[in-house]
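>>> Fold the stuff below for me.
(one chain, ligands or ions: 1)
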Amino acid sequence: MDPLTQLFEAALAAQSAAYAPYSKFPVGAAVMTASGAIFSGCNVENAAYPNGICAETAAIAAMAIAGERRITDIAVVGGGALAITPCGACRQRLMEFAAAGAQVHLLGRSGVHETVRLTELLPRAFGPGDLTGSAGE
Ligand code: THU
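Below you'll find the model as predicted:
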C-alpha cells in the first residue's frame, strides 16, 4: 500500500474508534511526518460538550509523544456525507508542526474528495516564527 493510502486508511480506522455520543459526528484524522511515520486520532467528547477534543488534536498528541515534529500530510474524514476541513483551532495546531507545503487531504465517502495546502486553510497564519525577537525572549 502506498504511503498516502496508508494515511487514509489510518484516518478511516481512527474514525471508527471515535467517541462522539453527543454530536454523533465521528471524525478520524491522521498525520504523516517527514520520517514517513503515521499517527492517527479520533474525536473524544464528554458530557460537558465544549471540552471534547478533535481528531486532529489527538493525532498531533500521538505524534508529539513519539518525538516527531514535522507534518507533511494530514488526512481527515468527517461523520457526514460531505468532506470536512479541520476546525479553526486545529488549523492553528497543525500549522505549528507543518512542513513547507504541507497538504490536507479531505476524505469523502469514496476516497479523497479534495487536497488543499494547509496555508490555503490558514493564510497569513501566526506561527512560531512570529515570536522570534519578541519582548519575552
Ligand atoms: N471535530 C473534529 O474532531 N475535527 C474537525 O475537524 C471538526 C470537528 C469534532 C468535534 C466534535 O466532537 C464533533 O466533531 C462535532 O463538531
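>>> count of residues packed around the nearest residue to residue 24 once chain neighbours are set aside?
Spatially, and ignoring its direct neighbours in sequence, residue 24 is nearest to residue 79 (7.0 Å; C-beta to C-beta, 6 or more residues apart in numbering). Quick note: C-beta positions are derived from backbone N, CA and C, even for glycine. Counted with other C-beta atoms under 10 Å, residues neighbouring residue 79 total 15.
>>> Give me the below-cutoff pLDDT ranges for this protein.
Applying pLDDT under 70 to the chain flags the ranges 133-137.
>>> Quick one: name the residues of it near the ligand.
Taking C-beta under 6 Å from any ligand atom, the part of the chain that reaches the ligand is made up of 20, 23, 25, 27, 43, 45, 52, 54-56, 76, 84, 86-87, 90.
>>> if you look at the residues you listed, which of them are in strands?
In strands, defined here by DSSP state E, the members of the residues of the chain next to the ligand are residue 76.
>>> Could you turn the buried ones of the residues of the chain next to the ligand into a ChimeraX selection?
Selection of the buried residues among the residues of the chain next to the ligand in ChimeraX, burial being defined by 16 or more other C-beta atoms under 10 Å:
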select :20,27,43,45,52,54,55,56,76,84,86,90
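>>> and of the residues of the chain next to the ligand, the nearest to residue 8?
Among the residues of the chain next to the ligand, residue 76 lies closest to residue 8 (C-beta to C-beta), at 10.0 Å.
>>> hey, what's that closest one bridged with?
Judged by DSSP bridges, the bridge partners of residue 76 are residue 29, residue 106.
>>> show me the contacts for the residue nearest to residue 24.
Shown in contact with residue 79 (C-beta atoms under 8 Å, 6 or more residues apart in numbering): 15, 18, 20, 23, 24, 25, 26, 27.
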